[in-house]
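Participant: Here is my input; please provide its structure:
(2 chains)
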Amino acid sequence: AQSVTQLGSHVSVSEGALVLLRCNYSSSVPPYLFWYVQYPNQGLQLLLKYTSAATLVKGINGFEAEFKKSETSFHLTKPSAHMSDAAEYFCAVSDPNTGGFKTIFGAGTRLFVKA
Amino acid sequence: EPEVTQTPSHQVTQMGQEVILRCVPISNHLYFYWYRQILGQKVEFLVSFYNNEISEKSEIFDDQFSVERPDGSNFTLKIRSTKLEDSAMYFCASRVLGGWNTEAFFGQGTRLTVV
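Facilitator: Next up, the predicted model:
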């Protein structure tokens, strides 16, 4: 069964510092992985997706993620945090095993950015 | 840019009442979903819908829930007799035909408060 695990429910960084949000996946087949962001009181916005074309995936707002099969990881990074990056981030995997192809979400990591 | 639209943004209802949450998916999308997010918790899959029928549903999606695509553009979630524990943010999502390597696009959500 497909699943994702996000390490750390809260991450706090200073403005300008590196952002690293961790995600590990479990999949019986080559996975399709996503990162979504949720700003306060808003919906889910796709940051980036991995669909096997390239292991380093660039997304919006300067974020990128690297797929590492040997580590079953898909960590999200940004070189320099901005105050506007404060949000909840969800790692997700697409489930190929049912006709509905649902998206399965991790528990989320809340990013705090300190001035 | 096409987007998934949900109405209302916030609904307050009394326990035991029926509610209908409405969604307009992106026009060329063929898979439709409902998810919910109880405050402070993860995003949970409720149901997927394709070709005018339910493809998959979770254990949360019991007999109190139903979905419908009444007119080819709207996609609704009905809760027949709301309970306090149904209070949550409900997200509609849609996905283009193409399988599990495509991302789901999410609406802004409807916050349901049951009192």
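
Participant: rest of the way, CA atoms for contacts and neighbours
Facilitator: Will do.

Participant: Close to chain B: what parts of chain A are there?
Facilitator: With CA under 8 Å from any CA of the partner chain as the criterion, chain A comes near chain B at residues A:32, A:34, A:42-46, A:49, A:51, A:94-96, A:98-108.

Participant: one more time with 6 Å, if that's ok
Facilitator: Contact residues, chain A versus chain B (CA under 6 Å from any CA of the partner chain): A:32, A:42, A:43, A:44, A:94, A:96, A:99, A:100, A:101, A:107.

Participant: Between the residues you listed, which sits nearest chain B?
Facilitator: The shortest approach to chain B among these belongs to residue A:43, at 3.9 Å (CA to the nearest CA).

Participant: who touches the closest one in this structure?
Facilitator: By CA atoms under 6 Å, 6 or more residues apart in numbering or on different chains, residue A:43 lies in contact with B:107, B:108, B:109.

Participant: re the thing from before, tell me the two of the residues of chain A next to chain B that are most distant?
Facilitator: Spatial extent of the residues of chain A next to chain B (CA to CA) is set by the pair A:42 and A:99 at 28.5 Å.

Participant: can you map out the strands along chain B?
Facilitator: B:5-7, B:10-13, B:19-24, B:29-37, B:43-50, B:53-57, B:65-68, B:75-79, B:88-96, B:105-106, B:110-114 (DSSP state E).

Participant: Would you convert the ones you listed into JSON lines that also reports mean neighbour count, mean pLDDT and distance to chain A?
Facilitator: Shown next, in JSON lines, are the strands of chain B (neighbours: other CA atoms under 10 Å in any protein chain shown; pLDDT from 0 to 100; distance: least, CA to the nearest CA, whole Å):
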{"stretch": "strand B:5-7", "mean neighbour count": "21", "mean pLDDT": "95", "distance to chain A": "10"}
{"stretch": "strand B:10-13", "mean neighbour count": "14", "mean pLDDT": "97", "distance to chain A": "11"}
{"stretch": "strand B:19-24", "mean neighbour count": "22", "mean pLDDT": "97", "distance to chain A": "13"}
{"stretch": "strand B:29-37", "mean neighbour count": "23", "mean pLDDT": "93", "distance to chain A": "7"}
{"stretch": "strand B:43-50", "mean neighbour count": "22", "mean pLDDT": "94", "distance to chain A": "5"}
{"stretch": "strand B:53-57", "mean neighbour count": "16", "mean pLDDT": "92", "distance to chain A": "5"}
{"stretch": "strand B:65-68", "mean neighbour count": "18", "mean pLDDT": "96", "distance to chain A": "14"}
{"stretch": "strand B:75-79", "mean neighbour count": "20", "mean pLDDT": "97", "distance to chain A": "15"}
{"stretch": "strand B:88-96", "mean neighbour count": "25", "mean pLDDT": "94", "distance to chain A": "8"}
{"stretch": "strand B:105-106", "mean neighbour count": "24", "mean pLDDT": "92", "distance to chain A": "6"}
{"stretch": "strand B:110-114", "mean neighbour count": "22", "mean pLDDT": "97", "distance to chain A": "9"}
